[in-house]
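K.L.:
Return a 3D structure for these sequence lines:
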Amino acid sequence: MSNKRNKEVVNRESESEEEQDSGSERDSDFDSDGNFVGDKELQADFEGRNPEDCDFHGIKQLLRQLFLKSNVDLGALAQIIISQNYVGSVVKQCLDDGVDEDDDEDDGSDGVFGVTTVVNITKRKEEPCIQQIRMLLTTLAEENAEAKTVALVKQILSNDAAHVGLVINERILNIPSAISVPLFSSLQSELEKATRKNMPYTFQYLVWISKTYNTGDDSSEVLFANQEERPLVEEALASFDVDVTEQADLSQWDYEGGAMTPCRKVLIFEGKKFNTLVRLMKEEVESA
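P.N.:
Below is the predicted model:
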C-alpha cells in the first residue's frame, strides 16, 4: 500500500484537452525540439510516496535522464530503489477525491514524475549495476578531474569502512523545485529512522550527480536543471564537470539567443553535511 505523504501543489504548463484536438494550435505551442512553450497553465497536485513495483518503468526512465547512455543497468538500479522503499520517495499525481484507492487500474501508478533517494554504493558494491556506477565514477574522474580529485574518488571507493551514498534527485521537466523541500525533509527522517535500526545508511561520503548546462560563456553562471542544487557546490569536498553532449539525444538547446550544452557536475560531500545540504536547498527554493 502506498504511504502517501509530502503533498505539494505545483503548477505545470500544459495544454487543455480542447487544445489538444486542434493540430495547428498545438503545433504552435511547441518549439523546434518539441518542448512545450505555450502559456496555458494547469494546476496539478503531486505527492511523495514510497516506491512500489508498479513504479519500475517510471523510475527507470528518470534514471535514464541522469545517466543517458552510460554503461549502467538502469533496470537493476530501479529495482534497488524499489527494494529499499523505506528510504526515498517517488513523485506521483494525487488521486482525485472520490477515486477508489484500491483500484490499481485507475491509480496512476505508472505516472512517476520524480524520484529522490540515496543508495549505498559501498554496501551494495557486489551488485553488478553498482559495480558499473563505481567504475563510471572512477572513469569520469580520470577523464575530467584534477589529480587530487581523482585520488579522492579512488580513495572513498576503495575504503569499505567508509560508506558512500549516491544521492538521486530526478524529476521531469517543469516540476517546480519546491517539490524538493518535502521530499528531502522526508528523506532526512527516513535516514534517521534507518540508522537508529542499525541499517547501513550512515554515510561518510555522499556522491551527487547534478544535471547542468553550459551556455558557452566561461564567465557565466552554470545553469542547474534542478535549481535547488545550485548552492550545494560551495559545500563540496571536490567536484568536476563532464560534457555529455555526445550522449544526449539533443545536444543543444536555445538559451537567450545562444545555445547551451548538457553537462554533469559530480559533487562529493562529507556525509555529515547532508542536513546542511537540505537546509541550503530549502533556502534556495524559498528565495526564488
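
K.L.:
Please enumerate the strands of the protein.
P.N.:
5-13, 41-49, 89-93, 112-120, 164-171, 205-214, 223-224, 238-243, 253-255, 258-270 (DSSP state E).

K.L.:
now the ones you listed in TSV, with mean neighbour count, mean pLDDT and distance to residue 130?
P.N.:
All C-beta spots, glycine's among them, are computed from the backbone N, C-alpha and C. Output for the strands of the chain, formatted as TSV (neighbours: other CB atoms under 10 Å; pLDDT from 0 to 100; distance: least, CB to CB, whole Å):
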stretch	mean neighbour count	mean pLDDT	distance to residue 130
strand 5-13	15	43	27
strand 41-49	16	69	24
strand 89-93	24	92	20
strand 112-120	24	97	7
strand 164-171	23	98	8
strand 205-214	21	95	12
strand 223-224	17	91	26
strand 238-243	17	96	19
strand 253-255	15	54	32
strand 258-270	19	88	16
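
K.L.:
Which one of those lies nearest to residue 150?
P.N.:
strand 238-243 (8.8 Å; CB to CB).

K.L.:
so where's this structure uncertain?
P.N.:
Scanning the chain for pLDDT under 70 picks out the ranges 1-44, 95-110, 216-221, 249-259.

K.L.:
the helices in the stretch 51-200 of the chain, which residues?
P.N.:
Assigned by DSSP state H, counting those that start in this stretch, the stretch 51-200 of the chain shows helices spanning 56-67, 74-83, 128-144, 147-158, 180-196.

K.L.:
Kindly export the second one (C-alpha atoms) in PDB.
P.N.:
Looking back up the chat, that one is helix 74-83. Extracted in PDB, the C-alpha atoms of helix 74-83 (Å, rounded to 0.1, in the frame of the first residue of the first chain):
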ATOM      1  CA  LEU A  74      19.200   1.200 -15.000                       C
ATOM      2  CA  GLY A  75      16.600  -1.500 -14.600                       C
ATOM      3  CA  ALA A  76      18.600  -3.100 -11.900                       C
ATOM      4  CA  LEU A  77      19.200   0.200 -10.200                       C
ATOM      5  CA  ALA A  78      15.500   0.900 -10.300                       C
ATOM      6  CA  GLN A  79      14.900  -2.400  -8.600                       C
ATOM      7  CA  ILE A  80      17.300  -1.500  -5.800                       C
ATOM      8  CA  ILE A  81      15.500   1.800  -5.300                       C
ATOM      9  CA  ILE A  82      12.200  -0.100  -5.000                       C
ATOM     10  CA  SER A  83      13.600  -2.700  -2.700                       C
END
